[in-house]
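Participant: give the three-dimensional model of this entry:
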Amino acid sequence: MEEQERCVSPEHLPSEISDGVAARSLVLGDVAIKLEAIQAGLRRGCDDVTGFELWQHATAAACKVLPEVLEKLRPGPAVLELGCGLGALGIFCAQSGASLVLLTDKELPVLHLAVRNAAANSIATAARCDAVAYDFTQGRPPWRPGAFDLVVASDVLFLDRLARPLHATFEALSGSCSSARGMTSVLGHEVRRAVYRGPDGEPCVEPEDSALQEFLQAAGPRAHVRKSSAEDVKDQSHQVFPSLDGATRAIVLRGLLAGMLAAHAICQPGWLQSAKSLLKRCLSRSTDVDGDSVRVDAMMGQLKVSNAKAAVAIFMHVMPPLSLFAACVSYLFQSDSPLHDSASHFHMILLGYATAGVATAMQESMPPRSCELGMVFMNIACAIVTMACVPADHWFVASPIRLAVRILIGIGSMNHRHVALLNLAYIASYGYGNFASAQQVPGMQAGYGTVADCVLPEVVTSVLAWAILYFVESEVKKSLRASIHVESAQSEISAFQAMLNIFCDAQAELDGDLRILSSDSKLNRLLRTTEELQKVQLVNYVADSDKPRVLDLIKKSNTQLASSSDPVAVLHSTAHMLHAQMLSASGGPFGVQIFHVCRRDIHGSLRHLIGFCDELRRPPEEIDEHFIQASKAAWESKKQEEQAFFLVRFFLECVGKKAGHATSSENQMDFPLKSAHSY
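Facilitator: Below is the predicted model of the structure:
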């Protein structure tokens, strides 16, 4: 097979592939390595795109044994990495004491990315790393045996046909076992077993990794295998992805800040209200201002202040123990992890919120605009500090946590438009940050699928937050509008009853069964009673001869309201007046003028407002038990005298005395009758 060598210096690598790269970090053991993930546009023209992915498990497995191997080699060993891809393994060796690391790969774009990764870590790392385009499957390597102290590779055995060429390359670079310096090779590999169809057509899984077994068979007893479980690899390697690199982060933060300020500015300030009014006058018909809407908006403004102060009060009570508990957990379980720093950043965010909360709570009276501005700066500070300091894999950045935060912020601001625009800024910032720093799925092209995976959760979260806040705001406005209508109706009823008290001698409110719901002391004086009149049927005090007329009047009013097609538009019946005889508590009749109107209350029940005017204009008397007893005694005496008069008259007619004598007898009896009427 023809030998082929392509040595290319980094400065001669193509520069057009440098666009669209976002930084991320990989922690291998105690070494933190900065890497750059490449977008789909840079993969065009490459025959093999596996080098654009980070094969984390195989790299972590190799790094688990590399410190032990490097300690046994001479100081400052020379290292060669085959199929470097992103160059994580070679950069690890450069930062672990290697004096020279040669990165090799057959794809020029991949090799250029590996050089950039080395330069992104430090100047010293970049100085120790060099790059050569080389394909180990194309024959013997161009370097003499023993030129390198260590040869490393990570997850390059993903096909059976690569096992023999890889072993041949290791053999050619190591030379004979009796060489002066010798050579060590470290290969990181993730065990995979192929799936194929058996003779019966059913899917089968091969019992062992065929590529790895072929390589071990070729290597023979010189190969030493160390197995690591998935948990061990996970402990040795974890990724901490800051949202963006320094330059891109500054650009996005500036755009985010402008977007959030614009979102808050559209929360209907004064100048925007004037502009909207002008557009309405120019483009649409003039409409009257809804007084209820103005009052509802004013009450919503006061509600914002109350909600903000309540949230601040709760936060101030919950934050200190929560922060202390989080700090203790962080020191106990994450003292050696980079997430410990992110926990400290999170504590700084809590302290910032606490400071703003103290300033808010100390205000005796705060206008709604000031409260809204305070929420603006708190939101901006939270978004900026979170994006700048908290890694993307921290629990605070998880979608459920941020959903809860957005909902709480929205409830405090009570403006669904504000929440919608704020969520647009969140979608743009976190969606782009997640896309830029997402861990690429092996074999997956970083195209629209990756964008959907990163942006779709933010869209769903934002829509859910907006829907919840829109529902909450709508229900609160309905409740406030209903309370305004109730207050207005109660004030109108009170004003009407006050007018009845002026023009009438007494007034009362009845329910649908004509029971007295409320009355004043004037009705007690009118009926000459001291008993409690509530829940008493008013018709009990109406003379028997006039009860049908009163009930017929009330029935007509009930029918008028019941026959209305729009129960909301028709809230009361036509007012009527009726002359009737009523009875006092002692049973004495007296004439009154009854003024009646029937209405519906807020629950749709019928209520009757009735005013009474005494036609005799009897002077008000002090009502007490002695008066009531004297009135009853006089009424009984009157009845007895009338009965005696009729008995005497009947007796005279029966005896058959003369008419003159009967007339004389009748005149003699007039005095008792008049005497009875005088009571």
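Participant: A60 - that's part of a helix, no?
Facilitator: Yes. According to DSSP: H, G, I helix; E, B strand; the rest coil, A60 belongs to a helix.
Participant: so it touches L26, yeah?
Facilitator: No. Counting by C-beta atoms under 8 Å, A60 does not reach L26; the two are 9.0 Å apart. The C-beta positions use only the backbone N, C-alpha and C, and glycine is treated the same way.
Participant: so who does V110 touch?
Facilitator: Contact analysis of V110 by C-beta atoms under 8 Å, 6 or more residues apart in numbering lists C46, G51, F52, C84, G85, L86.
Participant: ah, wrong one, I meant L73
Facilitator: Neighbouring residues of L73 by C-beta under 8 Å, 6+ apart: D149, L150, T184.
Participant: at 7 Å instead, please
Facilitator: Counting by C-beta atoms under 7 Å, 6 or more residues apart in numbering, L73 touches D149, L150.
Participant: related to what we said a few turns ago, among the contacts of V110, who's most crowded?
Facilitator: The residue in the contacts of V110 with the most neighbours, by other C-beta atoms under 10 Å, is C84 (32 neighbours).
Participant: could you look up the SS state of V132?
Facilitator: At V132 the chain is in strand, as set by three-state DSSP.
Participant: bridging residues for it?
Facilitator: Going by DSSP bridges, V132 is paired in beta bridges with T104.
Participant: might one say that it is in contact with V101?
Facilitator: No. V132 is beyond contact range of V101, at 11.2 Å (criterion: C-beta atoms under 7 Å).
Participant: higher neighbour count, these two?
Facilitator: Counted by other C-beta under 10 Å, V132 and V101 do not tie: V101 has more neighbours, with 29 against 18.
Participant: including distance to L159 and secondary structure, could the contacts of V110 go into TSV?
Facilitator: Rendered in TSV, the data for the contacts of V110 read as follows (distance: C-beta to C-beta, whole Å; DSSP: H, G, I helix; E, B strand; the rest coil):
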residue	distance to L159	secondary structure
C46	16	coil
G51	14	helix
F52	17	helix
C84	18	coil
G85	15	coil
L86	20	coil
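Participant: need these in a markdown table (columns: pLDDT).
Facilitator: As requested, the contacts of V110 are exported to a markdown table (pLDDT from 0 to 100):
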| residue | pLDDT |
| --- | --- |
| C46 | 74 |
| G51 | 72 |
| F52 | 75 |
| C84 | 88 |
| G85 | 85 |
| L86 | 85 |
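Participant: and the residues you listed, which is closest to H189?
Facilitator: Of all the contacts of V110, H189 sits closest to G85, with 13.9 Å by C-beta to C-beta.
Participant: one step back: mind putting the contacts of V110 into CSV with distance to V296?
Facilitator: As requested, those are exported to CSV (distance: C-beta to C-beta, whole Å):
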residue, distance to V296
C46, 62
G51, 62
F52, 57
C84, 66
G85, 62
L86, 58
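Participant: and those residues, which is closest to F136?
Facilitator: Closest approach to F136 among the contacts of V110 (C-beta to C-beta): C84, at 11.3 Å.
Participant: just checking, the closest one touches A114?
Facilitator: Yes. With contact defined as C-beta under 7 Å, C84 counts as touching A114 (5.0 Å).
Participant: check the contact lists of these two and give me the overlap.
Facilitator: L103, D105.
Participant: domain map for this structure?
Facilitator: If you go by automatic domain parsing, the domain ranges for the chain are 10-240, 246-271+291-481, 504-623, 626-677.
Participant: tell me the mean pLDDT for the second one?
Facilitator: For domain 246-271+291-481, mean pLDDT is 56.
Participant: over to the last one?
Facilitator: Domain 626-677 shows a mean pLDDT of 57.
Participant: so H57 versus T104, what's the distance?
Facilitator: According to C-beta to C-beta, to the nearest Å, H57 and T104 sit 22 Å apart.
Participant: the more surrounded of these two?
Facilitator: Taking neighbours as other C-beta under 10 Å, H57 and T104 compare with T104 leading, 24 against 21.
Participant: quick check, that one in contact with C84.
Facilitator: Yes. Checked against C-beta under 7 Å, the pair T104 and C84 is within contact range at 6.0 Å.
Participant: isn't K522 right up against I502?
Facilitator: No. Using C-beta under 7 Å as the test, K522 is too far from I502 to be in contact (11.3 Å).
Participant: these two - which one has more neighbours?
Facilitator: Using other C-beta under 10 Å, the more surrounded residue of K522 and I502 is K522, with 17 against 6.
Participant: same for the helix or strand harbouring that one, what does it pack against?
Facilitator: Element membership for K522 (DSSP states H and E) is helix 521-527. Judged by 3 or more C-beta pairs under 7 Å, 6 or more residues apart in numbering; DSSP states H and E, the packing partners of helix 521-527 are strand 506-510.
Participant: show me what the mean pLDDT comes to for the strand it packs on.
Facilitator: 84.
Participant: hmm, who's touching it?
Facilitator: 497, 500-501, 516-520, 522-523, 526, 538, 607-612.
Participant: in PyMOL, select just the buried ones from these.
Facilitator: Buried subset of the contacts of strand 506-510, written as a PyMOL selection, criterion 16 or more other C-beta atoms under 10 Å:
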select buried, resi 497+500+516+519+522+523+526+538+607+608+609+610+611+612
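Participant: among the contacts of strand 506-510, which ones are in strands?
Facilitator: Under the assignment DSSP state E, the contacts of strand 506-510 contribute I516, L517, S518, S519, R607, H608, L609, I610, G611, F612 to strands.
Participant: which pair of these spans the longest distance?
Facilitator: Spatial extent of those (C-beta to C-beta) is set by the pair R607 and F612 at 16.9 Å.
Participant: can you give me the neighbour number for L102?
Facilitator: If you count neighbours by other C-beta under 10 Å, L102 ends up with 21.
Participant: quick one: it and P77 touch, right?
Facilitator: No. With contact defined as C-beta under 7 Å, L102 and P77 do not form a contacting pair (11.9 Å).
Participant: tilt between the lengthiest strand in the chain and strand 506-510?
Facilitator: Looking across the chain with DSSP E, the single longest strand is strand 589-600. Interaxial angle of strand 589-600 relative to strand 506-510 (axes from the mean of the first three to the mean of the last three C-alpha atoms, to 10 degrees): 50 degrees.
Participant: what's strand 589-600 in contact with?
Facilitator: Applying C-beta under 7 Å, 6+ apart, the contact partners of strand 589-600 are 504, 543, 553-554, 557-558, 561, 567, 571-573, 575-584, 606-616, 618.
Participant: now, of these, which are buried?
Facilitator: Listed as buried from these are 504, 553-554, 557, 561, 573, 578, 580, 582-584, 606-614; burial here means 16+ other C-beta under 10 Å.
Participant: tell me who's in contact with the closest residue to P67 other than its chain neighbours.
Facilitator: Distances taken as C-beta to C-beta, 6 or more residues apart in numbering place S96 nearest to P67, at 6.6 Å, with adjacent residues excluded. By C-beta under 7 Å, 6+ apart, the residues touching S96 are V31, L66, P67, L70.
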